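# Got a predicted structure plus its sequence, pasted below:
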Amino acid sequence: MIRKGMLLLPFAYLLGSVPWGVILTRIFSDADVRASGSKNIGAYNVFRVAGKKLGLMTLGGDLLKGAIPVLVGISWLGVSDWKGEMLVCLVALSAFAGHLFPVFLGFKGGKGVSTAAGCFLVISPFVFLVCVLVYVLVLCCWGHSSAGSLSASAILPGAIWLATHSVPITGCALIMALLIFVRHADNIKRLLEGTEHSPLHP
């Protein structure tokens, strides 16, 4: 089981490193997401600079970067004990790290929200739905995608603990949530200053 897990780690990282936002905008538009809007490669910036269709395609690609490795990990390794849970969590973190530090873009990647969501879509669909609901509610109430992402990330570890009572999986959720907050440092500053971009109130 450990050998299979070690084989999955580079696969998860490389899949997580695929920059769908950059690839799709280069193929289907003239936009350069790394030079426009927030200069982030994620789905929201693609939506801003290249339109709804490419934004949704990027979202789907980034979700799958997290979901596929975790799904393969669970199928291969199982999560019947803490060792299996730990290995699956390492696979999830490898995919997440790939998005944050993609080898194909000089280790300068996105903020990890969609890829983390893809991981937990497989680990706990119920918690995934709860986090999506929180994101949508915050977005509708305050008009900021970043605030929605941060709110969903903030509740993720607690929700995962209540759903699974797994120390490894909760630890994985906590690490991802903390890194998402770190990657959103500039957004947090703009939210506090009242200068953050709003898709609902451009």
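Cool, the structure landed.

# Setting the sequence-adjacent residues aside, check what's closest to residue 128.
residue 121 (4.4 Å; Cβ to Cβ, 6 or more residues apart in numbering). Where C-beta positions appear, they are placed from N, C-alpha and C, glycine not excepted.

# okay, that neighbour: pLDDT?
Per-residue confidence (pLDDT) for residue 121: 97.

# burial measure for it, as a count.
Residues within reach of residue 121, counting by other Cβ atoms under 10 Å, total 20.

# What separation do you get for it and residue 14?
For residue 121, the distance to residue 14 equals 20 Å [Cβ to Cβ, to the nearest Å].

# for residue 138, same thing?
33 Å.

# Residue 116 too?
Relative to residue 14, and taking Cβ to Cβ, residue 116 is found at 17 Å.

# Looking at those two, which is more packed in?
Neighbours were counted for residue 116 and for residue 14 using other Cβ under 10 Å; residue 116 has more, 32 against 17.

# Quick check: which element contains the more buried one?
helix 113-123 (DSSP states H and E).

# Would you mark the buried spots in that helix?
For helix 113-123, a neighbour-count test (16 or more other Cβ atoms under 10 Å) marks 113-123 as buried.

# got the contact list for it?
Residues outside helix 113-123 that contact it (Cβ atoms under 8 Å, 6 or more residues apart in numbering) are 16, 42-43, 58-59, 62-71, 74, 88, 92, 95-96, 98-99, 127-128, 131-132, 149, 152-153, 156, 160, 164, 169, 172-173, 176, 180.

# The chain: strands as residue ranges?
With DSSP state E, there are no strands along the chain.

# can you list contacts of stretch 20-33?
34, 39-43, 45-46, 49-51, 54, 57-58, 61-62, 65, 105, 110.

# What about those residues, which are in helices?
Judged by DSSP state H, the subset of those located in helices is 43, 45-46, 49-50, 54, 57-58, 61-62, 65.
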